[in-house]
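[1] Model the structure of this input:
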Amino acid sequence: MVKNNNPLYNRIQKNKKVLKSFLAQNNITCYRIYDWDMPEYPLCIDVYENKIHCSIYKTRNQLFEDEMKQWQALCVQTIRESFSVSPEDIYIKSRERKKESGQYEKVNQHKEKFIVQENGIHFWVNLSDYVDTGLFLDHRNTRQIVKTLSKGKHILNLFAYTGSFSVYAAMGGAFTTTTVDLSNTYLNWAKENFQINKIPLSKHQFIKTDVKQWIKQEPSKLYDIIVLDPPTVSKSKMASSTFDVQADHVELINNTLRHLQSGGILFFSNNFRDFILETEKIEASTIENITHLSIPKILEIKKFMHVGKLSNRLIV
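    Numbers count the residues shown, from 1 in each chain. Presented below is the predicted three-dimensional model:
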């Protein structure tokens, strides 16, 4: 038993108590319960229905190998007791600081995809095979915002991953969506997300290409809403060049704005904690920081502001 005087167990229980009524009232079954709340426990713990996904940030934990194994075993035991789940329902990932993006990195071949729901919308997730799961939980609020604005609109989703923004837009009544990503695996995953929500694909386009190069082209169509959520750093064999969000965001945003209808909205977001938006170089008439609207509930109850995800509405 790890319950007595275990800081991680106590913090999880505290967070569960605070979130209990919010989750029940909003019918949320996928959420972050612990987000690196304490320096001695550099973890992010996410709940996906009745399964737990835990990311361990190894570079922040200065332990020798044997100590690390013991510490990780204690964390797993703590999670088991906190959620009353079996070991096979806990998925542990190790995160290390890299110069290149791990978005497309495969870590297993288990193919354990299952369906979860968020705000009444269904998504396939895979907690075992990839660094990421298929659904970024920190974007739940922003997805809902896009959904409420999408009726009758043309939506473009760049660096789309598994297409969750596109699905939300379609469920919100978007006239068309265009989903752009470099990976066939994730584009097919996006189509599956459309299909499980019974959304016909006839008005929805899926494009496999390098986003940076695609947006440099002369627009063949203008969009009412664009979602732009690039990786922090990326160097893929499939891409034409290396990407760094801090160094490249001005060119990326301005090229994207060329595809936006007059009066349209571009939602820009990134996951670099030290990111600085160079507003004076952005060719938009209005720039509005909506980070406070996009922060998930678990981050609202923490004592510090979550700066890892900066969300902006850029309006032209």
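[2] For the strand or helix carrying residue 22, give the mean pLDDT please.
    Following DSSP states H and E, one finds residue 22 within helix 7-26. Summarised as a single mean, pLDDT over helix 7-26 is 92.
[3] Just list whatever residues bridge to residue 130.
    residue 106 (DSSP bridges).
[4] if we can go back for a sec, list the buried residues for the helix holding residue 22?
    Buried residues in helix 7-26, counting neighbours by 16 or more other C-beta atoms under 10 Å, are found at 8-9, 11-12, 15, 19, 23. The way it works is simple: take the backbone N, C-alpha and C, and place the C-beta from them, glycine included.
[5] counting contacts, what elements does it pack onto?
    In terms of contacts (3 or more C-beta pairs under 8 Å, 6 or more residues apart in numbering; DSSP states H and E), helix 7-26 is packed against strand 30-35, helix 65-83, helix 297-300.
[6] Leaving aside the residues adjacent along the chain, what's closest to residue 91?
    Distances taken as C-beta to C-beta, 6 or more residues apart in numbering place residue 127 nearest to residue 91, at 4.1 Å, with adjacent residues excluded.
[7] swap in residue 122?
    Using C-beta to C-beta, 6+ apart and skipping the chain neighbours, the partner closest in space to residue 122 is residue 196 (4.8 Å).
[8] and whichever strand or helix holds residue 267, what does it pack onto?
    Using DSSP H and E, residue 267 sits within strand 260-270. Judged by 3+ C-beta pairs under 8 Å, 6+ apart, strand 260-270 is in contact with helix 140-149, strand 223-228, helix 245-257, strand 310-315.
[9] average pLDDT across it?
    Model confidence over strand 260-270, given as mean pLDDT, is 95.
[10] and it, which strands flank it?
    Take DSSP bridges as the rule and strand 260-270 pairs in its sheet with strand 223-228 (parallel), strand 310-315 (antiparallel).
[11] And the residue nearest the centre of this structure?
    Taking C-alpha atoms, centre = their mean, the centroid of the chain lies closest to residue 136, which sits 2.6 Å from it.
[12] State the distance from that residue to residue 38.
    23 Å (C-beta to C-beta, to the nearest Å).
[13] ok, now residue 193?
    Remark: distance between residue 193 and residue 38 (C-beta to C-beta) = 35 Å.
[14] Give the residue from the two that has the larger number of neighbours.
    Comparing residue 193 with residue 38 by neighbour count (other C-beta atoms under 10 Å), the higher total belongs to residue 193, at 25 against 12.
[15] For the residue nearest to residue 91, which residues are in contact?
    48, 51, 53, 91, 112, 133 (C-beta atoms under 8 Å, 6 or more residues apart in numbering).
[16] Return the distance of it relative to residue 90.
    For residue 127, the distance to residue 90 equals 9 Å [C-beta to C-beta].
[17] Now the common contact residues for the two.
    Common neighbours of residue 127 and residue 90, counting by C-beta under 8 Å, 6+ apart, are residue 51.
[18] mind checking which helix or strand of the protein has the lowest mean pLDDT?
    Within the chain, no helix or strand scores below helix 297-300, which has a mean of 59 by mean pLDDT, DSSP states H and E.
[19] Make sure residue 157 is indeed in a helix.
    No - applying DSSP: H, G, I helix; E, B strand; the rest coil, one finds residue 157 to be strand, outside a helix.
[20] what's around it, how many residues?
    28.
[21] do you know how far the nearest residue to residue 181 once chain neighbours are set aside is from residue 33?
    Excluding the flanking residues, the one nearest residue 181 by C-beta to C-beta, 6+ apart is residue 160, at 4.6 Å. Distance of residue 160 to residue 33, computed by C-beta to C-beta: 27 Å.
[22] Also residue 256?
    Distance from residue 256 to residue 33, by C-beta to C-beta: 34 Å.
[23] Dump the C-alpha coordinates for the strand holding residue 267 into PDB.
    The C-alpha trace of strand 260-270 is given here as PDB (Å, rounded to 0.1, in the frame of the first residue of the first chain):
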ATOM      1  CA  LEU A 260      -7.800  33.000 -44.900                       C
ATOM      2  CA  GLN A 261     -11.000  34.700 -46.100                       C
ATOM      3  CA  SER A 262     -11.300  38.500 -45.300                       C
ATOM      4  CA  GLY A 263     -12.800  38.600 -41.800                       C
ATOM      5  CA  GLY A 264     -11.800  35.000 -41.200                       C
ATOM      6  CA  ILE A 265     -10.100  33.700 -38.000                       C
ATOM      7  CA  LEU A 266      -6.800  31.800 -37.700                       C
ATOM      8  CA  PHE A 267      -6.300  29.900 -34.500                       C
ATOM      9  CA  PHE A 268      -2.600  29.500 -33.800                       C
ATOM     10  CA  SER A 269      -1.200  27.400 -31.000                       C
ATOM     11  CA  ASN A 270       2.100  25.800 -30.100                       C
END
